[in-house]
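Asks: what shape does this take:
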Amino acid sequence: MLGVILLLVLGIGGWWLWREAEHRGFFSALTAVKEKPVPDLKRYEVLEAELSDWRANLVKEYKKALSPEQKAKVENDARVILEMILPEMMRCWRGTGYDFNGVAERPGEGKIACGYYVSTLIRDAGFKVNRYKLAQQPSANILRTFTDAENCQLKVGENYATYADWLEAKEPAIYLMGLDTHVGFVVVEKNGDMKFLHSSGIDKAGVVEESRDQALAIKWSNWRMLGHFTADPHVIRKWLAGENVRVVE
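Replies: Okay, the predicted model is just below:
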């Protein structure tokens, strides 16, 4: 009799726990974790066209600007537009597979290596750069192609928690992140959170967006270089000028 009562109690308790877990969204959360993002080529093309239109309008305004103050205003507007649209373009690649030799041109159309993910997005954002040559450079050269040494901050062997705290305290902007053998984008958001968007070779995950705690590539790297991108006025001016960007080798 005691055994029957125990089974009933366990059965009722198990049923209650199941209902509670279901009510609190536990199983849907598990399902969400397992679901792999699907690359969104259509949205990517819309965003790419919108950014191109914005750039064309801003270039006209920049040419009309006479004073340093007027030019600075257009540069700030350009930065705002890039920081609004470029991270969304990055996210359209999520779910695209990784391959060390991957050179996909568009989200979901083949596989892509980390350097090509960065160089393709930069090109599609409107920068005139040879994406093949840029993608094949060490990460330090990719960063220095766009920003000078004083805007590239190198830290070696630093504890990850300390480094992540420092990173999240940075000015909200888009940055380039160079690691031992890897490269990607870091987006520091206005609320202080950071997101690492890159084509990950870890378990060949492909293009992912990772939070501070998920960014194992940054955590495991001994060598970390952060390069300003939208926070560097020289980068914004290159974008507005439409000048050919010389790849640092």
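Asks: what helix or strand does residue 197 sit in?
Replies: Element membership for residue 197, per DSSP states H and E: strand 194-200.
Asks: output that strand as CSV - backbone C-alpha positions only.
Replies: What follows is strand 194-200 as a C-alpha-only set of coordinates in CSV (Å, rounded to 0.1, in the frame of the first residue of the first chain):
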residue,chain,number,x,y,z
MET,A,194,27.9,43.8,-26.0
LYS,A,195,27.1,41.5,-28.9
PHE,A,196,29.7,39.6,-30.9
LEU,A,197,28.6,38.9,-34.5
HIS,A,198,31.0,36.6,-36.4
SER,A,199,31.3,33.4,-38.4
SER,A,200,32.3,30.9,-35.8
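Asks: what's that strand packed up against?
Replies: In this structure, strand 194-200 packs against helix 68-91, helix 114-124, helix 160-168, strand 183-188, strand 206-210, helix 216-220, with contacts taken as 3 or more C-beta pairs under 8 Å, 6 or more residues apart in numbering; DSSP states H and E. The way it works is simple: take the backbone N, C-alpha and C, and place the C-beta from them, glycine included.
Asks: can I get these in a markdown table including mean pLDDT?
Replies: Shown next, in a markdown table, are the helices and strands packed on strand 194-200 (pLDDT from 0 to 100):
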| stretch | mean pLDDT |
| --- | --- |
| helix 68-91 | 98 |
| helix 114-124 | 98 |
| helix 160-168 | 97 |
| strand 183-188 | 98 |
| strand 206-210 | 98 |
| helix 216-220 | 98 |
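Asks: columns mean neighbour count and distance to residue 131 on top of the ones you listed, output as CSV?
Replies: CSV is the format used below for the helices and strands packed on strand 194-200 (neighbours: other C-beta atoms under 10 Å; distance: least, C-beta to C-beta, whole Å):
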stretch, mean neighbour count, distance to residue 131
helix 68-91, 17, 14
helix 114-124, 24, 4
helix 160-168, 15, 26
strand 183-188, 23, 13
strand 206-210, 22, 16
helix 216-220, 18, 21
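Asks: what is the neighbour count of the closest residue to residue 55 other than its chain neighbours?
Replies: Spatial nearest neighbour of residue 55, excluding adjacent residues (C-beta to C-beta, 6 or more residues apart in numbering): residue 126 at 4.9 Å. The tally of other residues near residue 126 (other C-beta atoms under 10 Å) stands at 19.
Asks: report the contact partners of the residue sitting nearest the centre point of the chain.
Replies: By C-alpha atoms, centre = their mean, the mean C-alpha position of the chain lies nearest to residue 197, the distance being 2.7 Å. Contacts for residue 197 (C-beta atoms under 8 Å, 6 or more residues apart in numbering) come out as 87, 90-91, 184-187, 207-210.
Asks: helix, strand or coil for residue 155?
Replies: The three-state label given to residue 155 by DSSP: H, G, I helix; E, B strand; the rest coil is strand.
Asks: returning to that earlier point: any idea of the angle the strand holding residue 197 forms with helix 114-124?
Replies: Angle, strand 194-200 to helix 114-124, by axes from the mean of the first three to the mean of the last three C-alpha atoms, to 10 degrees: 110 degrees.
Asks: which parts of strand 194-200 are buried?
Replies: Buried residues in strand 194-200, defined by neighbour count with 16 or more other C-beta atoms under 10 Å: 194-200.
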